[in-house]
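K.L.:
Using only what follows, build the 3D model:
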Amino acid sequence: MLSAHLESLVRTLGLRYFTYGILFGCGSSFAFQPSLVILGHYFRQRLGLANGVVTAASSVFSMGLPVLLKKVVGPLGLCRTFQILSLFMLVQSVLALTFRPLLPIGTCPMPGMGPEGGPPGLPGAPGSASGSWWRRSMLKIRKYFNVRVFSVVTYRVWAFGVATAVLGYFVPYIHLIKFVKEQFQETQREWVLLVCLGASSGVGRLLFGKVGDLIPGVGKIYMQVASFMVLGLMSMMIPLCRVFEGLVVVCVFMGLCDGCFITIMAPIAFELVGPMQASQAIGYLLGLMAVPMTAGPPIAGLLHDYFGNYHVAFYLAGVPPIVGGIVLFFVPLVYKRLQKRQAEASDPSTDRMLKNCSNGDMLPGYTDMETHI
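P.N.:
Here you go, the predicted structure:
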């Protein structure tokens, strides 16, 4: 909200880099990542469907905003338009206050325990007098920047596979309109493509969210594999379209793949690392995705300037999703192999004890120290 309002006041390009680039980017990440994790507090059996319903709302605005902005920017100007957008974000901030956290019973410290979950008199504990300032600081840093999720082999493979796949993810979204103007000299109907992308993405999020709930375990990753493969092929199909209607069909398939990828991301993280560390897992994944997603469109722009058209840019943009899909294909296989090794190495009596304790009983967003009971 603040970034959109400040954007209406600035007049220089350098300040716009800060207000609309840095401030708006940080605010968007602060809003998007918790929205995926919060659902785990309320939904377990139908997390995919709940995720699809929530994320499908963004597709409604993706369809409506291009039409609204085109009608508003002309009469009101850019400054007034950003002020209207800031009002939309203010509504989002107010709605976020309605969230009521569901704390596990185990997070309440027992009598005689310190506020961080440990005995208060233990030397070096966060609440003890003998604990050094450095030790207390490091404990707090480890609490909020927990890299333990990277010790899970399947999560590492999945995260880096997704990061590879999204290198060409934003290229069609950023350069498609300019490609249409160059290829078809269209200046009136290009907004139809954005509406098709938003509509099909919304349908895909609802549809594949429900389908993801029907697929047990890490088998959901195969849905991402299929979505990345098709996304890469559709990106390569864009330069081959000779009529505008062909681009509409390509955009519909791309939107469906986008909906599948977005909706199933959080449930996969819950399956790989468990609800306890899902918040950190999703946060690190989005951080890894940020770099290639940002680098893809500028690289495509450089290729356009060098070759004089978008053909090579769109062909190459389809390669990373296909490579990422191939990498993700092996994640369930690695997961099953690790599970088999653990089953062979574990004690049968220990297995019977673990079967009585469900990992789903603990909610996301809390570290091991906070769930000591």
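K.L.:
average pLDDT across the helix or strand in which residue 59 is found?
P.N.:
Per DSSP states H and E, residue 59 falls inside helix 47-76. The pLDDT scores in helix 47-76 average 76.
K.L.:
how close does residue 224 sit to residue 324?
P.N.:
Remark: distance between residue 224 and residue 324 (CB to CB, to the nearest Å) = 9 Å. Just so you know, the C-beta spots here come from the backbone N, C-alpha and C atoms, and that holds for glycine as well.
K.L.:
any common contacting residues for those two?
P.N.:
Common contact partners of residue 224 and residue 324 (CB atoms under 8 Å, 6 or more residues apart in numbering): residue 162.
K.L.:
Does residue 29 touch residue 286 like I think?
P.N.:
Yes: using CB atoms under 8 Å, residue 29 is in contact with residue 286, at 6.8 Å.
K.L.:
ok so, going back, just the buried residues of the helix holding residue 59, please?
P.N.:
For helix 47-76, the buried set under the neighbour-count rule, 16 or more other CB atoms under 10 Å, comprises 47-56, 59, 62-63, 65-66, 72.
K.L.:
Just the buried positions in the helix or strand just after it, please.
P.N.:
Following helix 47-76 in sequence order, the next helix or strand is helix 78-96 (DSSP H and E). For helix 78-96, burial by neighbour count (16+ other CB under 10 Å) applies to 81-83, 85-86, 89.
K.L.:
one step back: if you count what's nearby, which of residue 29 and residue 286 comes out ahead?
P.N.:
Neighbour count, other CB atoms under 10 Å: between residue 29 and residue 286, residue 286 has more, with 18 against 14.
K.L.:
how near is that one to residue 34?
P.N.:
11 Å.
K.L.:
what does residue 69 give?
P.N.:
Using CB to CB, residue 69 is found at 27 Å from residue 34.
K.L.:
How about the contacts made by residue 159?
P.N.:
So, once contact is read as CB under 8 Å, 6+ apart, residue 159 ends up touching 281, 284-285, 288.
K.L.:
quick one: which helix or strand includes residue 328?
P.N.:
Assigned by DSSP H and E, residue 328 belongs to helix 319-329.
K.L.:
any idea of the mean pLDDT in that helix?
P.N.:
The model assigns helix 319-329 a mean pLDDT of 93.
K.L.:
swap in stretch 223-233?
P.N.:
Average pLDDT, stretch 223-233: 93.
K.L.:
got it, and stretch 250-260?
P.N.:
For stretch 250-260, the mean per-residue pLDDT is 91.
K.L.:
Now do the helix holding residue 59 and helix 78-96, the angle between them.
P.N.:
Here helix 47-76 runs at an angle of 150 degrees relative to helix 78-96 (axes from the mean of the first three to the mean of the last three CA atoms, to 10 degrees).
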